[in-house]
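Enquirer: Any chance you could fold what I've pasted below:
(one chain, ligands or ions: 2)
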Amino acid sequence: MPFTIAIDGPAASGKGTIARALAQGFSFHHLDTGLLYRAVGAKGGDPVRAARELTPADLERPDLRSNETGQAASRVAAIAEVRQALVEFQRSFAMKEPGAVLDGRDIGTVICPGAQLKLYVIASDQVRARRRAAEIDADEAETLAALRERDARDMARATAPLRAADDAVVLDTTYMSISEAVSRAIAEVEARYPAR
Ligand SMILES: Nc1ncnc2c1ncn2[C@@H]1O[C@H](COP(=O)(O)OP(=O)(O)OP(=O)(O)O)[C@@H](O)[C@H]1O
Ligand SMILES: Nc1ccn([C@@H]2O[C@H](COP(=O)(O)O)[C@@H](O)[C@H]2O)c(=O)n1
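Expert: Numbering: from 1, shown residues only. Ligands and ions are numbered 1, 2, ... in the order given. Below you'll find the model as predicted:
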């Protein structure tokens, strides 16, 4: 039985940073599910068709990390048929041995409700905007507005809205360094996965 770690939370809260570190530390597979929605948003045209016909090459586009692509992703992510087209791929990824880490918005609630560990990673809006603006060399105020708009849309949508699963461990990284946040996450895994 593979060990599945579900990591959710608002934009730029540090989900991917923690997910990559856990995957490396425990030799698990990692899927950044936001990339799927970013790739669909970036393709343009009919989003449902784009989701159904997504290829590995679509995930390699150089423009996927921009604020604009994040907004496009969040718009297509509100379409139920787009989400449905991506469910099976994510669920089969989660079954990889010896384990998998998936980060996104609905992993603990919809994609992997039976995950052995669910983390809900948060940080203040200002801190998230500062970190993301520095990462992509964008204006901080514009990035803050973009993150807030995206979070609001992600939380308000009818299908698979962003929320913490009832059994998720909430990790607030506002005042944590990356290594502190990763150490806390590792401790949560070790409490449930003693086999390492
Ligand atoms: N605890 C931390 N302290 C300082 N910087 C951090 C911390 N955690 C993450 N970062 C930085 O913040 C930025 C956003 O982190 P990351 O990409 O992991 O967020 P995310 O939640 O995966 O974002 P997205 O919602 O876009 O998938 C990155 O530049 C990362 O290096
Ligand atoms: N499981 C997921 C993952 C992502 N989304 C949507 O994609 C947008 C971009 O995600 P990032 O993690 O790369 O920031 C995000 O704002 C969501 O709208 C999703 O719905 N479900």
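Enquirer: quick one: the strands in the protein?
Expert: 3-8, 29-32, 99-104, 117-122, 169-172 (DSSP state E).
Enquirer: what's the angle from the third one to strand 117-122?
Expert: Interaxial angle of strand 99-104 relative to strand 117-122 (axes from the mean of the first three to the mean of the last three CA atoms, to 10 degrees): 30 degrees.
Enquirer: helices or strands next to strand 99-104 in the packing?
Expert: With contacts defined as 3 or more CB pairs under 8 Å, 6 or more residues apart in numbering; DSSP states H and E, strand 99-104 has these neighbours: strand 3-8, helix 15-26, strand 29-32, helix 80-94. Glycine gets a C-beta too; all of them are placed from N, C-alpha and C.
Enquirer: And the pLDDT at residue 196?
Expert: Model confidence at residue 196, expressed as pLDDT, equals 53.
Enquirer: Residue 67 now?
Expert: Predicted confidence (pLDDT) at residue 67: the value is 88.
Enquirer: Contacts only, for it.
Expert: In this structure, residue 67 makes contact with 136, 138, 142-143, 146, judged by CB atoms under 8 Å, 6 or more residues apart in numbering.
Enquirer: neighbours around residue 176, how many?
Expert: Neighbourhood size, residue 176 [other CB atoms under 10 Å]: 16.
Enquirer: Any figure for the gap between it and ligand 1?
Expert: Note on residue 176: its distance to ligand 1, by CB to the nearest ligand atom, to the nearest Å, is 5 Å.
Enquirer: what sits against that residue?
Expert: When contacts are counted by CB under 8 Å, 6+ apart, residue 176 is found next to residue 184.
Enquirer: hmm, 10 Å instead?
Expert: In this structure, residue 176 makes contact with 14, 123, 127, 182-184, judged by CB atoms under 10 Å, 6 or more residues apart in numbering.
Enquirer: looking at these, which has the most residues close by?
Expert: Of all these, the most densely surrounded is residue 14 (26 neighbours; neighbours counted as other CB under 10 Å).
Enquirer: My read is that that one contacts residue 124, right?
Expert: No: under the criterion of CB atoms under 10 Å, residue 14 is not in contact with residue 124, lying 11.8 Å apart.
Enquirer: hang on, the earlier thing: hey, which of the helices and strands packed on strand 99-104 is tucked in deepest?
Expert: For the helices and strands packed on strand 99-104, average neighbour numbers computed from mean count of other CB atoms under 10 Å are highest in strand 3-8, which has a mean of 26.
Enquirer: residues in this protein within reach of ligand 1, list them.
Expert: With CB under 6 Å from any ligand atom as the criterion, the chain comes near ligand 1 at residues 9, 11-17, 34, 103, 131-132, 135, 173, 176-178, 181.
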